[in-house]
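Enquirer: Sequence and predicted structure are below.
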Amino acid sequence: MTEPERERRRRRLGSFLVDPAPLRLDRDYRLLWSGQAISVAGRMITAVVLPYQVYVLTRDVLAVGALSLVQLVPILVFTLGGGAVADAMDRRRLLLVTQVALAVATVGLALVALLPEPPLAAVYALAFVAAGLGSVDQPARISAIPRLVPAERLQSAIALNQVVFNAGAVVGPAIGGIVVAAVGISAAYAIDAATYGAAILALLLMHPIPPAPGAVRPSVRAIVDGLRFAWRRRPLLATFVVDLMAMFFGSPRSLFPAMALDVFGVGAAGVGLFSSATALGAMIAALFAGWTTRVRRQGVAVLLAVTIWGLGIAGFGLFTFSFPLALLCLAIASGADVISAVLRSFIVQTLTPDALRGRVSSIHVLVVTAGPRVGDAEAAAVAAITNPATSVVAGGLATVIGAGLLALVMPEFRRLEVHATPDGATIAGTETEVIEAEA
């Protein structure tokens, strides 16, 4: 191969890799990203250990489903209010408060796990508190990103966030499974608590992120204004609907312990490998998400990605005779999901003015976090009636059908094109209609 041919191949590969420019050029984004790179691995340890602990204590998939509902309640109650708070105060300061509080809650989980017979009620209570704090933390974190990078680097910054989140999700569950097997559940929680120090330090080094001029105080009216904005902009509404549908039917997380222990017989390490395979597929997709910046019709791309997600989940439930093949299906599904997430986040953040980003981001967070938990409860209920594998297959196929129905019901979403510029954004929702986005 000649040198020019090698150079052309390198350029083609580079066009697919996510652009690291936000890390190189935007200091505060780099700090936020770096702190998260460490702390997210710890959070993923807890994410896999918590349902495992509940299942070990009860040997009941419904108890794991109940954990999802316990975490869902504070998400429903606090997320929209958290978005209003994020629009009204310095987002950096708000993130500092939530990170410290989350570290304390995780220490509480570690202490409860040390008890000879950990009370299930205490585990549920601490999970409730942590979910409530996360409901305030996430809208502030998501809505801060467009303030830290210029418009032309926003989609790359979103993809880089997906890279670090899923890299931590690859490492975290694997570490969690090993630590639980070798040392115990309490040690896994303790590692998570320690990693919050990196996020807190990074936030201390960042500049303030004050609210936009004319920001309104948190109130019911402020929350309603955010909901009204999202409802009236059908491209935003469609991104929420498609993800809620995919997560309600397709989320298999609550069944990971039962699938690992009772279907595949791979023990606690297998639970971690399910989560790690999911994160690995997502991380690879995020690393090679550079091509998404060239996607013109983001709506149809989201629908295709959701369809692939559903097929991958169905495959995970079908291939119970092969643990490696099941892991591959999870990886493919999660890779498609992260492409959907990058495109949906770009649509939401680009088409929302900064004064409303906290509140609209809170709707996004509500869908992204509540959807899987409702889906976990739904999957557990179906598994209790049938069996875990049947529940997974049915959920994946329902997701595929749902994506097709949404494409028929909301044809404008199939035609959606969003173009970001330093001066704002435009939406092409039909062949002729072009709407100037609010700046």
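Expert: Happy to help now that I have it. Numbers count the residues shown, from 1 in each chain.
Enquirer: Flag the shaky bits of this structure, pLDDT-wise.
Expert: Within the chain, the stretches with pLDDT under 70 are 1-15, 419-439.
Enquirer: where's the most centrally placed residue in the chain relative to Ala246, distance?
Expert: The chain has Val368 as the residue nearest its centroid, 6.0 Å off, counting by C-alpha atoms, centre = their mean. For Val368, the distance to Ala246 equals 10 Å [C-beta to C-beta, to the nearest Å]. Placement of C-beta: from N, CA and C, glycine included.
Enquirer: rewinding a little: what residues sit buried inside the helix or strand hosting the residue nearest to the centre of the chain?
Expert: Element membership of Val368 [criterion: DSSP states H and E] is helix 354-385. For helix 354-385, burial by neighbour count (16 or more other C-beta atoms under 10 Å) applies to 354-380, 382-383.
Enquirer: Any idea how far it is from the middle of the chain?
Expert: Here the centre of helix 354-385 is set off from its chain's centre by 10 Å, with C-alpha atoms, centre = their mean, to the nearest Å.
Enquirer: what's downstream of it, the next helix or strand?
Expert: Next element after helix 354-385 (DSSP H and E): helix 388-409.
Enquirer: which secondary structure elements does the helix or strand containing Trp33 contact?
Expert: Element membership for Trp33 (DSSP H and E) is helix 27-58. Applying 3 or more C-beta pairs under 8 Å, 6 or more residues apart in numbering; DSSP states H and E, we find helix 27-58 packed against helix 21-25, helix 61-88, helix 91-113, helix 120-148, helix 154-182, helix 185-205, helix 256-258, helix 267-287.
Enquirer: For Ser122, give its distance to Phe128.
Expert: That one is not Ser; residue 122 is Ala. Taking C-beta to C-beta, one finds Ala122 at 10 Å from Phe128.
Enquirer: Who has more neighbours out of these two?
Expert: For Ala122 versus Phe128, neighbours defined as other C-beta atoms under 10 Å are more numerous around Phe128 (18 against 15).
Enquirer: residue contacts, the more buried one?
Expert: The contact partners of Phe128, taken as C-beta atoms under 8 Å, 6 or more residues apart in numbering, are 70-71, 73-74.
Enquirer: cool, Gly65 as well?
Expert: With C-beta under 8 Å, 6+ apart, Gly65 has these contacts: 254, 376-377, 379-381.
Enquirer: Quick check: buried residues in stretch 149-166?
Expert: Buried-residue list, stretch 149-166, by 16+ other C-beta under 10 Å: 149, 153-166.
Enquirer: Kindly report the same for stretch 195-208.
Expert: Result for stretch 195-208 [16+ other C-beta under 10 Å]: buried residues 195-196, 198-200, 202-203, 206.
Enquirer: would a markdown table of those with distance to Gly395 be doable?
Expert: A markdown table is the format used below for the buried residues of stretch 195-208 (distance: C-beta to C-beta, whole Å):
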| residue | distance to Gly395 |
| --- | --- |
| Thr195 | 32 |
| Tyr196 | 33 |
| Ala198 | 36 |
| Ala199 | 33 |
| Ile200 | 38 |
| Ala202 | 37 |
| Leu203 | 38 |
| Met206 | 40 |
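Enquirer: Val18: which of these is nearest?
Expert: Ala202 (20.4 Å; C-beta to C-beta).
Enquirer: from what I can see that closest one touches Gly35, true?
Expert: Yes. Assessed by C-beta atoms under 8 Å, Ala202 is found in contact with Gly35 at 2.8 Å.
Enquirer: Pull up the overlap in contacts between the two.
Expert: Contacts common to Ala202 and Gly35, judged by C-beta under 8 Å, 6+ apart, are absent.
Enquirer: show me what contacts the residue nearest to the centre of the chain?
Expert: Here Val368 is in contact with 243, 247, 341 (C-beta under 8 Å, 6+ apart).
Enquirer: which among those residues end up buried?
Expert: Buried among the contacts of Val368 by 16+ other C-beta under 10 Å: 243, 247, 341.
Enquirer: Now the first one: closest residue in space, sequence neighbours ignored.
Expert: Nearest in space to Asp243, with sequence neighbours left out and distances taken as C-beta to C-beta, 6 or more residues apart in numbering, is Val367 at 5.3 Å.
Enquirer: my guess is the one you found contacts Leu244, does it?
Expert: Yes. Using C-beta under 8 Å, Val367 is in contact with Leu244, at 5.0 Å.
Enquirer: Any figure for the gap between Arg93 and Gly65?
Expert: Taking C-beta to C-beta, one finds Arg93 at 36 Å from Gly65.
Enquirer: And Ala238, by the same measure?
Expert: Distance from Ala238 to Gly65, by C-beta to C-beta: 29 Å.
Enquirer: what do you get for Thr278?
Expert: 19 Å.
Enquirer: Asp90 now?
Expert: 38 Å.
Enquirer: Ala122: what's its closest spatial neighbour, skipping adjacent residues?
Expert: Val112 (4.8 Å).
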